[in-house]
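Novice: coordinates only, no sequence provided:
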């Protein structure tokens, strides 16, 4: 009988899926690469697509904030993502191909925001350069990265339909988690998470604070954030909350970064 060529380690002979092993390592401290970083996700659908009247004041706010705080700007896709997904689904494209197509749009928005932030050291960052962020920030740069996670053709099949489940909100959370960031802030076109879509039902109530488990239990028809974020926040080790604020109202991002009460907080 052939024998496995092993190397001495604490994982010697393990399958890496044994429950007892996973629990044993769950309490091992994790390195937080950038515990003072604020990951700010700027939505494409909620912000960039509105053009200069909305984008330029937000750019000014982010730029001035970057003088005092370490910020990573993450961009979404918006209306162009919805257009390419509509065509791709109609043509029968697999989910992985749809994810590849969608990522190109959030990259376009990253380029535009980088240029708009050039006065404050705006610098385009690609996903492969993520670990260069500590050096960039020490140099006084303001990094901008697109939010589509680089699963590409390996995107997970969604539970229902074909739209890629990991999009730019989720990407921002994944970035914040791997970097051990201080906060993950989603900048939208509404004041936060509501009981219903406030644009459809004006009587909908703002949820100022809610636990992740409670939000999962509610199983709401529509969310202002990607549902996949709830699964990731549940399992996250570094990020313990997500903040949702209105980017159409100047000062909301500033309040969120300073820890003041604004928008919605979803706690793990």
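Specialist: Structure's in. What do you need? Note that the coordinates shown come from a computational prediction; the quantities given were computed from them, not determined experimentally.

Novice: now the terminal residues of stretch 117-137, how far apart.
Specialist: With Cα to Cα, to the nearest Å as the measure, the ends of stretch 117-137 fall 14 Å from one another.

Novice: got a list of contacts for that stretch?
Specialist: 33-34, 37, 59, 62-64, 66-67, 70, 72-73, 110-111, 113-116, 139-146, 150, 175, 178-179 (Cβ atoms under 8 Å, 6 or more residues apart in numbering). For glycine as for every other residue, the C-beta is placed from the backbone atoms N, C-alpha and C.

Novice: now the buried members of the residues you listed.
Specialist: Neighbour-count burial (16 or more other Cβ atoms under 10 Å) applied to the contacts of stretch 117-137 gives 34, 37, 59, 62-63, 66, 70, 72-73, 110, 113-114, 116, 141-146, 150, 175, 178-179.

Novice: return the set of residues that bridge with residue 211.
Specialist: Beta-bridge pairing for residue 211 (DSSP bridges): residue 267.

Novice: residues contacting it?
Specialist: Contacts of residue 211 (Cβ under 8 Å, 6+ apart): 266-268.

Novice: go again with 10 Å.
Specialist: Shown in contact with residue 211 (Cβ atoms under 10 Å, 6 or more residues apart in numbering): 217, 233, 241, 265-268.

Novice: and residue 93, helix, strand or coil?
Specialist: In three-state terms, and counting by DSSP: H, G, I helix; E, B strand; the rest coil, residue 93 is coil.

Novice: tell me which of the buried ones among the contacts of stretch 117-137 fall in strands.
Specialist: Among those, the members found in strands (DSSP state E) are 37, 70, 72-73, 142-146.

Novice: now render the contacts of residue 211 as TSV, adding distance to residue 125, neighbour count and pLDDT.
Specialist: Shown next, in TSV, are those (distance: Cβ to Cβ, whole Å; neighbours: other Cβ atoms under 10 Å; pLDDT from 0 to 100):
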residue	distance to residue 125	neighbour count	pLDDT
217	37	9	94
233	23	24	96
241	24	16	96
265	27	19	97
266	26	25	97
267	29	14	95
268	26	16	91
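
Novice: may I ask which two of the ones in strands among the buried ones among the contacts of stretch 117-137 are separated the most?
Specialist: For these, the maximum inter-member distance is 19.1 Å, found between 70 and 146 (Cβ to Cβ).

Novice: count of residues packed around the nearest residue to residue 98 once chain neighbours are set aside?
Specialist: Counting by Cβ to Cβ, 6 or more residues apart in numbering, residue 88 is the residue found nearest to residue 98 once chain neighbours are left out, at 4.8 Å. If you count neighbours by other Cβ atoms under 10 Å, residue 88 ends up with 20.

Novice: how about the helices in the stretch 101-250 of the chain?
Specialist: In the stretch 101-250 of the chain, the helices defined using DSSP state H, counting those that start in this stretch lie at 133-138, 168-179, 212-218, 228-235.

Novice: quick one: closest of these to residue 156.
Specialist: The nearest among the helices of the stretch 101-250 of the chain, by Cβ to Cβ, is helix 228-235 at 8.6 Å.

Novice: now that closest one and helix 168-179, what's the angle there?
Specialist: 20 degrees (axes from the mean of the first three to the mean of the last three Cα atoms, to 10 degrees).

Novice: surely residue 227 touches residue 234?
Specialist: No - under the criterion of Cβ atoms under 10 Å, residue 227 is not in contact with residue 234, lying 11.7 Å apart.

Novice: what sits against residue 150?
Specialist: 99-100, 103, 126-128, 130, 166, 171, 174.

Novice: could you rerun that using 7 Å?
Specialist: Residue 150 makes contact with residue 127, according to Cβ atoms under 7 Å, 6 or more residues apart in numbering.

Novice: same thing with residue 245?
Specialist: 185, 187, 192, 252-253, 256, 262-263.

Novice: and which of those residues is nearest to residue 52?
Specialist: Once Cβ to Cβ is applied, the member of those that ends up nearest residue 52 is residue 187, at 16.3 Å.
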